[in-house]
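Novice: Sharing a model that was predicted from the sequence below.
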Amino acid sequence: MKNIFKCILLFSFFVNSQDIKISSDTIVKTFHETTIKNEKINYVAETGTQPVWDDDGNIIASLFYTYYKRSFKESSKNNSINDR
């Protein structure tokens, strides 16, 4: 009976030691509007994951990020808040 339990326990370790697949370059964009000092400001929030590679080109980690970009209706070339 102990041998059967050991075999089941050993098998469960092999089942749980599967490789995790990291999706590369996942991006989600959402569009928002807020009011600051009675001025409506449109912006885009972009969240995603970016892979991290080792020296052999294998993905070893994933970096999660959030990026906020202001949207200007009058000119699409002024995308930075500092340009205002």
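Specialist: Done, it's in.
Novice: correct me, but residue 67 touches residue 45?
Specialist: Yes. Using Cβ atoms under 8 Å, residue 67 is in contact with residue 45, at 7.4 Å. In short, each C-beta sits where N, CA and C put it, glycine included.
Novice: what's the spacing between residue 34 and residue 2?
Specialist: Computed as Cβ to Cβ, to the nearest Å, the residue 34 to residue 2 distance reads 64 Å.
Novice: Comparing these two, which shows the higher neighbour count?
Specialist: residue 34 (9 against 6; other Cβ atoms under 10 Å).
Novice: Wasn't the more buried one part of a helix?
Specialist: No. If the criterion is DSSP: H, G, I helix; E, B strand; the rest coil, then residue 34 is strand and not within a helix.
Novice: Just the CA trace of the lengthiest strand in the chain, in CSV.
Specialist: Across the chain, the longest stretch assigned as strand under DSSP state E is strand 39-53. Only the C-alpha atoms of strand 39-53 are listed here, as CSV (Å, rounded to 0.1, in the frame of the first residue of the first chain):
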residue,chain,number,x,y,z
GLU,A,39,-10.7,71.0,-18.6
LYS,A,40,-11.6,67.7,-20.3
ILE,A,41,-8.6,65.6,-21.1
ASN,A,42,-8.7,62.6,-23.3
TYR,A,43,-6.1,59.9,-22.8
VAL,A,44,-5.3,56.3,-23.8
ALA,A,45,-4.2,53.7,-21.2
GLU,A,46,-2.2,50.8,-22.6
THR,A,47,-1.4,47.8,-20.6
GLY,A,48,0.5,44.8,-21.7
THR,A,49,3.3,42.3,-21.3
GLN,A,50,6.7,42.3,-22.9
PRO,A,51,8.9,39.2,-22.9
VAL,A,52,12.4,39.1,-21.4
TRP,A,53,14.9,36.9,-23.3
